[in-house]
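Chemist: Sharing a sequence plus its predicted fold:
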Amino acid sequence: MSREADISGKLDWISVLLYLLMVALGWFNIFAAVYDETANQSIFDLGLNSGRQLMFIAASVFIILAIVIIDMRFYETFAYIFYAVILFVLMLIPLIGKEVGGNKSWIGIGSFGVQPSEFAKFITALAISKFIGSVGFKMDSLRNQAILFVLMLVPMGLIILQKDFGTALVFLSFLLVFYREGMSPFILIVGIAMAALAILTLIVENQLYLHGLIGGVLVLLIIFGKRTVKRIVTLTFGALLLIGTIESFDYVINNLLPERHKKRLEALVNPNFDPMGINWNVTQSKIAIGSGGFSGKGFLKGTQTKFDFVPEQSTDFIFCTIGEEHGWLGSLVIVVLFIFFMQRIIFIAERQKNRFARAYGYSVASIFFFHFAINIGMTIGLFPVIGIPLPFFSYGGSALWSFTTLLFILLKLDSHRSQVLQRI
Amino acid sequence: MNEGRREIVQVVVALVGLIFLVRLFFIQVADNRYAELADGNAIMRQVEYPFRGLIYDRNNKLIVYNTPEFDIQVVMKEVKKFDSARFCTVVGLSRQELRAKFREMKARKEYSPYKPTLFLNQLSNIDFARIQDHLDEFPGFYVQARTTRAYQSPTLANALGYVSEISKENLARDASGIYKQGDYVGQSGIEAFYEEFLRGKRGVRFKLRNVKGIEKGSFKNGEYDTLSVPGANLYTGIDLDLQQYGEFLMKGKAGSIVAIEPASGEILSLVSGPSYDPSLLTGRYYSSNFKLISSDSLKPLFNRPLMAQYRPGSIFKIAQAMTALQEKVLTPDTRIRCDRSVINCHGAHSNEDLRGAIANSCNPYFHNVLRRMLNKGIVNDPFADTRIGLEEWNKHITSFGFGKRLGIDLPNEKDGLIPTPAYYDRAYRNRPWKFSNIYSIAIGEGENLVVPIQMANFAATIANRGYYYTPHLVKAIGENGQPLPHYTQRHYTTIDSSYFIVAVDAMQKVVEEGTGQYRAKLAGVIVCGKTGTVQNAPPLFDHSVFIAFAPRDNPKIAISVYVEDAGQGARAAASIASLMIEKYLFGATKRPHIEQYVLNNKFE
């Protein structure tokens, strides 16, 4: 029996099947998004996104083969070196990158562009996991926590410099990994609360309502909890912090930002702001999805998603096509597929026998979750418009390869889980 | 310490999915507002068809232009119940026709109730004006304006060609992606050959509409709109008056007239008889008219100047003479006895020199000339000797543009045929052949085939004393433009230009004292010409041929006329050619008796 067959036999076939299913559905759907019934097109036409996506899919097969063949220890061993290299490349991009759609995050290789920030995702995941898995790592050490945040924030900062905010935000999904590995939920909750409040500040006209809300929650928490001094002080301190956030955010918005940036920001966080202007995409997206009804208009029969002028039609807003052509039933299938897929990854992560592999598994789950939540949430008006792709469905080579690599490194590690020394 | 965190993460993931599904349920199933917005098709995409380039004659007279026509499209989802009796009166259909229309529309493969579907096409201005006033009573019906071809006069049909909707097969074959279903494309003639210049570029306009379907201005101030770009105008070398006069003269005849300006190769007129009215192949009745025209037994779509391959007859003797002079088997003063034992002749002459032999079209003379050329005695075997001679002969003859398509700017040009040794090997199935088997090519009969445009080009070559420009219709693409680059190159024959003076002299003699003296001579200008009478199977009359150019020095026009089944070349063809030259050089003809003679169609 050859060694390769041995390895592939141990790959988690449920995940592989889910992967293949989503990639195939994604491919058909990309064709639907670009399909023009008057033009006599073929799904294989390389002039179309669908034809090019098929090439990207074919290339993914080679990536998978390479990952499966390479020794499992390779990923952990070289994690920091990869990390150093990708930081270097990210620093170079402002100098040599080309601009696509307002982002300067692409490196051109011939006629194809590659987005290094996409690859920074799984590399950062490896580096963070390696650190978590290292001997003597303790989450309650402040020093260790600080290092983890640095590992997360440095690539994020470099990507923000490329003005690719969507991809940068994805790095926040590592917070979920930290949480699973023992970080205090307080940080997570306060972080989320601060972000939510910042958004609320923009939506709610009068901040007094917000202050009142915080005060009310504080009083309730004190009344219905253990009334120890330490707890009351901590809670009060937290509430003051939140109120301070609101005030300072409000100050920055109203006094420091120029009017036109303010409008931008307002539109970004409030899906109902200026529906015929800046938020046109979201309005169109909701009309498209909403018009699908219960069972949709049928494959290639959509009318709303076929206008060439929504530039993200086959990338960020790909879910519109599903919603319009396959209705609520089709959306249900896709959402359930994703949920099932992510649960499976968590399941795989939990059965790992060392901390490195488990942390990496959670990184994979968190990154997929972040993309899933933000992307679909954006198309149905629950989240602000942040341009990140829907895994396996959005058109694009870099994203597909990045997600494929992310997943299959985990599956490779998983296939060898019985061979590693128990280090947990 | 991390107990339960796995479950919390799992619940969060599932919860987000659940929130999405609930939200989706509200948007998609519970709330009809979005479906209505979509049905209102908030953004409407309107195609702006470009204006096809116009076509002008050499004096900037308009030949082809565009006229508006209107398609009516319907979006079935938007159609409300309507009074069908009233609708029928408005659009001018019977109830059965209306029902059939809807059935046919829904049966189409690409049919979608959400999209504009073609309902009635190519309404004229008048039909449209009647319908337009009432269209607002019937929601869901829209107008798409575009243009179709129109013609100043029913002339030049075969050279212009026609424009019609692109076929399914051609659309599938179009790799460029330029064409879409329903687009018009040039199908023949200039319209097809210059399609890429004429077609222009389609534009698109995005318009916003509210739920009631009322337009609310352009989408994003027209940021995504593209303007249509009109196609380039074509300026042809055609003289429209001359063309119309030529078609007038060809009435009731089958054949062709080709007139060329020798100094440029520009085609002055290109008459194919019988022809048709080009406006029949435009607009709503295109397909029924096309059926009618293409099944006509007179074949009006057969473009004779380019596609009819005829034996050239005696006009070919001039090419023979030039070839023989170049090969030095003959001098202009060589006299040969008119021996009518092998090959018959006509007229009273007995012992002519070269010029006289051409003027009187002496058959035995050229029979003898070809023998001298093919059997030069280079080798003793007469079979091999003929082969060597024929090879040489073919080289010279084809240098006049015979035997291979010239490359005029129209599709479907034919090659004609000038025999080679290989050709005779095939014809004789590799049995031996020699001069005595093939001598009828000496007088332009036998295996030679020439298309009329090559005959006219031949006349132009003699007029230029030894070279020609490839004949072409379009002298400028776009205002102040150029013709296609290869139309400005000279093509030289393999004959020394000094020999051409003999041909010019002889052709002058043909018109002044030879076979052409009765009908081809014109007052005030020296015409050079040559008659040809091509044998035809009795009881049909022979074919009548004439080539000519004028004036003798600094020629302005070279012409070929071929009239099928009309007897001697000196009659129908010579008359028509001289009338054309007269018309072109003097603007009018002053010989009503000749014109009447041509129009009477009684040449025997």
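Modeler: Yes, it's here. A quick note: this is a predicted structure, and the numbers were derived from the prediction, not measured.
Chemist: Give the other helices and strands that the longest helix that chain B contains contacts.
Modeler: Scanning chain B for the longest helix, with DSSP state H as the assignment, gives helix B:5-25. Judged by 3 or more CB pairs under 8 Å, 6 or more residues apart in numbering or on different chains; DSSP states H and E, helix B:5-25 is in contact with helix A:174-180, helix A:318-350, helix A:355-379. All C-beta spots, glycine's among them, are computed from the backbone N, C-alpha and C.
Chemist: ranges for the helices of the stretch 151-300 of chain B?
Modeler: For the stretch 151-300 of chain B, the helices defined by DSSP state H, counting those that start in this stretch cover B:157-160, B:168-173, B:189-193, B:195-198, B:240-249, B:286-294.
Chemist: and residue B:553, which of those is closest to it?
Modeler: helix B:240-249 (21.4 Å; CB to CB).
Chemist: how far does that closest one sit from the chain's center?
Modeler: 17 Å (CA atoms, centre = their mean, to the nearest Å).
Chemist: That one: which residues count as buried?
Modeler: Across helix B:240-249, burial judged by 16 or more other CB atoms under 10 Å in any protein chain shown covers B:240, B:241, B:242, B:243, B:244, B:245, B:246, B:247, B:249.
Chemist: Count the residues that sit near the spatially closest residue to the second one that is not a sequence neighbour.
Modeler: Counting by CB to CB, 6 or more residues apart in numbering or on different chains, the nearest residue to residue B:241 once its immediate chain neighbours are dropped is residue B:583, at 7.4 Å. Residue neighbour count, defined by other CB atoms under 10 Å in any protein chain shown, stands at 22 for residue B:583.
Chemist: other SSEs contacting the helix or strand where residue B:583 lies?
Modeler: Taking DSSP states H and E as the criterion, residue B:583 maps to helix B:572-586. On a contact count with 3+ CB pairs under 8 Å, 6+ apart, helix B:572-586 meets helix B:240-249, strand B:255-261, strand B:528-534, strand B:543-550, strand B:557-563, helix B:592-600.
Chemist: got the angle for it vs strand B:557-563?
Modeler: In terms of direction (axes from the mean of the first three to the mean of the last three CA atoms, to 10 degrees), helix B:572-586 departs from strand B:557-563 by 150 degrees.
Chemist: Please compute how far helix B:572-586 lies from its chain's middle.
Modeler: For helix B:572-586, the distance to the chain centre is 23 Å (CA atoms, centre = their mean).
Chemist: list the buried ones in that helix?
Modeler: Neighbour-count burial for helix B:572-586 [16+ other CB under 10 Å]: B:572-584.
Chemist: got the contact list for the residue minimising distance to the centre of chain A?
Modeler: The residue lying closest to the centre of chain A (CA atoms, centre = their mean) is residue A:371, at 2.9 Å. Neighbouring residues of residue A:371 by CB atoms under 8 Å, 6 or more residues apart in numbering or on different chains: A:170, A:388, A:389, A:390, A:391.
Chemist: what about 10 Å?
Modeler: A:121, A:166-167, A:170, A:173, A:338, A:388-394, A:399, A:403 (CB atoms under 10 Å, 6 or more residues apart in numbering or on different chains).
Chemist: Give the rounded mean pLDDT of the longest helix of chain B.
Modeler: Helix B:5-25 carries an average pLDDT of 92.
Chemist: Off-centre distance for it?
Modeler: The chain centroid and the centroid of helix B:5-25 are separated by 70 Å under CA atoms, centre = their mean.
Chemist: Quick one, which of the helices and strands packed on helix B:5-25 gets closest to residue B:267.
Modeler: helix A:318-350 (54.6 Å).
Chemist: now check the closest one, is it near chain B?
Modeler: Yes: residues of helix A:318-350 contacting chain B under CB under 10 Å from any CB of the partner chain: A:319, A:323-324, A:327-332, A:334-343, A:345-347, A:349-350.
Chemist: What score does residue A:5 have for pLDDT?
Modeler: As predicted, residue A:5 sits at a pLDDT of 44.
Chemist: how close does residue A:213 sit to residue A:206?
Modeler: Separation of residue A:213 from residue A:206 (CB to CB, to the nearest Å): 11 Å.
Chemist: Comparing those two, which residue is more hemmed in?
Modeler: More crowded of residue A:213 and residue A:206, by other CB under 10 Å: residue A:213, with 14 against 8.
Chemist: outside of the helix or strand the more buried one falls within, which residues touch it?
Modeler: Using DSSP H and E, residue A:213 sits within helix A:207-224. Identification of contacts with helix A:207-224 by CB under 10 Å, 6+ apart yields A:193, A:197, A:200-201, A:203-204, A:206, A:231-232, A:235-236, A:238-243, A:245-247, A:249-250.
Chemist: List the buried residues in it.
Modeler: A:207, A:210, A:214, A:218.
Chemist: thinking again about what came up before, export the helices and strands packed on helix B:5-25 to JSON lines and tack on distance to residue B:515?
Modeler: Below are the helices and strands packed on helix B:5-25 laid out as JSON lines (distance: least, CB to CB, whole Å):
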{"stretch": "helix A:174-180", "distance to residue B:515": "102"}
{"stretch": "helix A:318-350", "distance to residue B:515": "79"}
{"stretch": "helix A:355-379", "distance to residue B:515": "87"}
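Chemist: what's the most buried one of those?
Modeler: Counting by mean count of other CB atoms under 10 Å in any protein chain shown, helix A:355-379 has the highest mean neighbour count of the helices and strands packed on helix B:5-25, with a mean of 25.
Chemist: can you give me how far that one is from the chain middle?
Modeler: 6 Å.
Chemist: so that helix versus helix A:318-350, what angle?
Modeler: Using the same axes, to 10 degrees: helix A:355-379 against helix A:318-350 is 160 degrees.
Chemist: Could you point out the helix or strand that follows helix A:355-379?
Modeler: As assigned by DSSP H and E, the chain's next helix or strand after helix A:355-379 is helix A:397-415.
Chemist: mind checking pLDDT for residue 306?
Modeler: As the question left the chain open, I've gone with chain A. Residue-level confidence at residue A:306 comes out at 57, pLDDT.
Chemist: Correction: the question concerned chain B.
Modeler: Model confidence at residue B:306 (pLDDT) stands at 94.
Chemist: how many other residues sit next to it?
Modeler: The number of residues packed around residue B:306, counting by other CB under 10 Å, is 27.
Chemist: Equivalent analysis for residue A:249, please.
Modeler: 18.
Chemist: try the one 5 residues further on
Modeler: Residues contacting residue A:254 under the criterion other CB under 10 Å number 10.
Chemist: Over in chain A, which residue gets nearest chain B? Let me know.
Modeler: Closest residue of chain A to chain B, CB to the nearest CB: residue A:290 (2.3 Å).
Chemist: circling back to that earlier point, can you tell me the average pLDDT over the helix holding residue A:213?
Modeler: Mean predicted confidence for helix A:207-224 is 83.
Chemist: same deal with stretch A:236-255?
Modeler: Stretch A:236-255 comes out at a mean pLDDT of 79.
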